[in-house]
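Participant: Structure, please.
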Amino acid sequence: MTASEVKSRTVWVYDPVAEADKRQDALAPRHASLDGKVIGLLDNTKDLVEVLLGEVKHVLQEAYPSASFRYFRKPSVSGAEPDMMEQVAVCDAVVTAVGD
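Facilitator: Predicted coordinates for the structure are as follows:
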């Protein structure tokens with residue numbers, strides 16, 4: 001590449017910053033207690049997430065002995081199948097975690 005070719009090139013630089021959203025989404029309603037509730041544990045397939053979710057389950061079982069748990073493992077970090085998300089959606093509460 002010659003010096004004149006370098007001078008004639010244009011380099012575009014984009015600023016990837018978007019304007020802040022002015023809306024504030026409301027928090028999901030909270031249960032007064034998790035006793036008797038179904039709690040979903042959603043594993044995102046990252047390393048050690050099963051250990052973290054296992055500890056969360058242990059703590060929740062001690063605090064809410066009549067709660068039941070369902071464990072879900074996504075096929076990959078990037079997403080979950082619609083049928084799995086339908087199963088997750090019927091849980092009363094869901095805990096998800098990112099391992100590593």
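Participant: Which residue ranges of this structure form strands?
Facilitator: Ranges of strands within the chain are 38-43, 68-73, 93-97, based on DSSP state E.
Participant: Contacts only, for residue 31.
Facilitator: 37, 92-93 (CB atoms under 8 Å, 6 or more residues apart in numbering). Where C-beta positions appear, they are placed from N, C-alpha and C, glycine not excepted.
Participant: would you list those residues in JSON lines and tack on pLDDT?
Facilitator: Output for the contacts of residue 31, formatted as JSON lines (pLDDT from 0 to 100):
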{"residue": "37", "pLDDT": "97"}
{"residue": "92", "pLDDT": "96"}
{"residue": "93", "pLDDT": "95"}
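Participant: Would you mind checking those residues for buried ones?
Facilitator: Neighbour-count burial within the contacts of residue 31 applies to residue 37; the criterion is 16 or more other CB atoms under 10 Å.
Participant: returning to what we had before: so can I have a markdown table of the strands of the chain showing distance to residue 86?
Facilitator: Compiled in a markdown table, the strands of the chain are given as follows (distance: least, CB to CB, whole Å):
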| stretch | distance to residue 86 |
| --- | --- |
| strand 38-43 | 12 |
| strand 68-73 | 11 |
| strand 93-97 | 13 |
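Participant: Let me have the contacts of residue 31 in CSV, extended by distance to residue 56.
Facilitator: Below are the contacts of residue 31 laid out as CSV (distance: CB to CB, whole Å):
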residue, distance to residue 56
37, 14
92, 15
93, 11
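Participant: Out of the strands of the chain, which is the most enclosed?
Facilitator: Compared across the strands of the chain, strand 38-43 shows the largest average neighbour count, a mean of 18 (mean count of other CB atoms under 10 Å).
Participant: same question for it, mean pLDDT?
Facilitator: Per-residue pLDDT over strand 38-43 has a mean of 96.
Participant: Touching it from outside, list them.
Facilitator: Residues outside strand 38-43 that contact it (CB under 8 Å, 6+ apart) are 49-50, 53, 56-57, 60, 67-74, 80, 87-88, 90-97.
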